[in-house]
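S.K.: Have a look at this fold, sequence not included:
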DNA sequence: TTATTAATGTTATATTATAACGTATCATTT
DNA sequence: AAATGATACGTTATAATATAACATTAATAA
């Protein structure tokens, strides 16, 4: 199981997450001969700022602040679409929110563990689950093209706190 | 694998789907001592009219026509919320749409196979996948509470047509 | 009946997303 | 360097989805 869940839900040098993501993004852009502009890079950076998915209008606010000028929704959505296309970010439909992808270019599951307490979302690539989904699709004569898997619950930290308060009662 | 995918993607006596669903719904309501009103029943019926998920505003239009009076969004959303609570319908987040649940009251996976061609959505309950997701959560110290799994692709019929046209080329 | 709760009606508005068209910037060719 | 074409961004307006707040009506219980 390839996962960044431990990383997400544990204290870590997050500067590294960000710079690694940006490096990957730039590499991918030169590879595909597309442009990583200031707007796009800023949006990607903002989405990597934390492990909480951000909505388009949160992004708008932060982007506007960062670039010190008014930003309209289309600008944000264009950057989002660009990054989605390249697989550098994901949309989490049930949250109407976006998050940086920790393993772009690798085929993976779009499986998220979303904490309903703190809002953090960890992406997990799980080969066994993927192949089960593939074979379930095959059995149903369903031609699988893409997927979006969302698990809701409590992240490790919030689970612990919950237990603590449970015990206190 | 408990599934209604064969049912959804094959011609069948759909009147039965509807009446079975309504009977289950009424039973559940008496059990839980809540009211199945005209609005709620109509919405449920509309959602069972086809195996295509419907958006809230599609429902609004159809409901308004059915009841022969103007219906405002809150009315629709209230009925939707009620039915969601009881587990009689599901929301499919990536479509902003709602669909009748073929096996309410049973614990199940919220796994949908959604045809990107014809829009039909089949719910599939797959115990093995469920338990894999559970154990993946356990390993990550993630307290799983609920889930939403969406598979996109081509349903059996649309897959066949696709092959046909592929061969013609 | 009256009191109480539950459901619906009504108006307004929040939130998320896109359409359409103009302007600026970048990259390539001449 | 100038001209060209393509790409990205600016701007305005609006579509689509969802909810807040409060008034009214209907159902149930006391």
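M.R.: Right, received. Where do you want to start? All of these numbers come straight from a predicted model, not from anything done at the bench.

S.K.: any idea which strand is longest in chain A?
M.R.: If you go by DSSP state E, chain A has its longest strand at strand A:143-154.

S.K.: Is chain B within reach of it?
M.R.: Yes. Against chain B, strand A:143-154 shows contacts by CB under 8 Å from any CB of the partner chain at A:143-154. To be clear about C-beta, it is placed using only N, CA and C from the backbone, and glycine gets the same treatment.

S.K.: could you check the angle strand B:143-154 makes with that strand?
M.R.: For strand A:143-154 against strand B:143-154, the angle by axes from the mean of the first three to the mean of the last three CA atoms, to 10 degrees is 160 degrees.

S.K.: chain center to strand A:143-154: distance?
M.R.: Distance, stretch centre to chain centre, for strand A:143-154: 13 Å (CA atoms, centre = their mean, to the nearest Å).

S.K.: tell me what it is packed against?
M.R.: Packed against strand A:143-154 by the contact rule (3 or more CB pairs under 8 Å, 6 or more residues apart in numbering or on different chains; DSSP states H and E) you find strand A:111-115, helix A:127-139, helix B:127-139, strand B:143-154.

S.K.: Mind naming the longest helix for chain A?
M.R.: Secondary structure of chain A per DSSP state H: the longest helix is helix A:14-32.

S.K.: residues making contact with it?
M.R.: Outside of helix A:14-32, the residues within contact range by CB atoms under 8 Å, 6 or more residues apart in numbering or on different chains are A:7, A:35-36, A:41, A:44-45, A:48-50, A:83, A:86, A:88, A:100, A:102, A:104-105.

S.K.: Nearest to residue A:116, out of those: which one, please.
M.R.: residue A:50 (16.5 Å; CB to CB).

S.K.: Look up phi and psi at the closest one.
M.R.: Here is the backbone geometry of residue A:50 (degrees, to the nearest 10): phi -140, psi 180.

S.K.: List the contacts of it.
M.R.: Counting by CB under 8 Å, 6+ apart, residue A:50 has contacts A:14, A:120.

S.K.: And the residue in chain A positioned nearest to DNA strand D, how far from residue A:104?
M.R.: Across chain A, the shortest distance to DNA strand D (CB to the nearest atom of the strand) belongs to residue A:37, at 3.1 Å. In this view, residue A:37 and residue A:104 are 18 Å apart by CB to CB, to the nearest Å.

S.K.: which of those two has more neighbours?
M.R.: Using other CB atoms under 10 Å in any protein chain shown, the more surrounded residue of residue A:37 and residue A:104 is residue A:104, with 18 against 13.

S.K.: what residues does stretch A:85-93 touch?
M.R.: Identification of contacts with stretch A:85-93 by CB under 8 Å, 6+ apart yields A:21, A:24-25, A:28-29, A:32, A:34, A:44, A:47, A:53, A:80, A:83-84, A:97-101, A:104-105, A:110, A:112, A:114, A:121, A:123, A:148, A:150, B:93-94, B:150.

S.K.: Mind doing that once more with 7 Å?
M.R.: Applying CB atoms under 7 Å, 6 or more residues apart in numbering or on different chains, the external contacts of stretch A:85-93 come out as A:25, A:28, A:32, A:44, A:47, A:53, A:83-84, A:98-101, A:104-105, A:110, A:112, A:121, A:148, A:150, B:93-94.

S.K.: which of the residues in that stretch are buried?
M.R.: A:86, A:88-93 (16 or more other CB atoms under 10 Å in any protein chain shown).

S.K.: can you list these in JSON lines and add distance to residue A:65, secondary structure and pLDDT?
M.R.: Below are the buried residues of stretch A:85-93 laid out as JSON lines (distance: CB to CB, whole Å; DSSP: H, G, I helix; E, B strand; the rest coil; pLDDT from 0 to 100):
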{"residue": "A:86", "distance to residue A:65": "25", "secondary structure": "coil", "pLDDT": "96"}
{"residue": "A:88", "distance to residue A:65": "22", "secondary structure": "coil", "pLDDT": "96"}
{"residue": "A:89", "distance to residue A:65": "20", "secondary structure": "strand", "pLDDT": "97"}
{"residue": "A:90", "distance to residue A:65": "24", "secondary structure": "strand", "pLDDT": "97"}
{"residue": "A:91", "distance to residue A:65": "23", "secondary structure": "strand", "pLDDT": "97"}
{"residue": "A:92", "distance to residue A:65": "23", "secondary structure": "strand", "pLDDT": "98"}
{"residue": "A:93", "distance to residue A:65": "27", "secondary structure": "helix", "pLDDT": "98"}
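
S.K.: So which of the residues you listed reach DNA strand C?
M.R.: By CB under 7 Å from any atom of the strand, the members of the buried residues of stretch A:85-93 lying near DNA strand C are residue A:91.

S.K.: Adding distance to residue A:133, write the buried residues of stretch A:85-93 out as a markdown table.
M.R.: Output for those, formatted as a markdown table (distance: CB to CB, whole Å):
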| residue | distance to residue A:133 |
| --- | --- |
| A:86 | 24 |
| A:88 | 23 |
| A:89 | 22 |
| A:90 | 17 |
| A:91 | 19 |
| A:92 | 18 |
| A:93 | 17 |
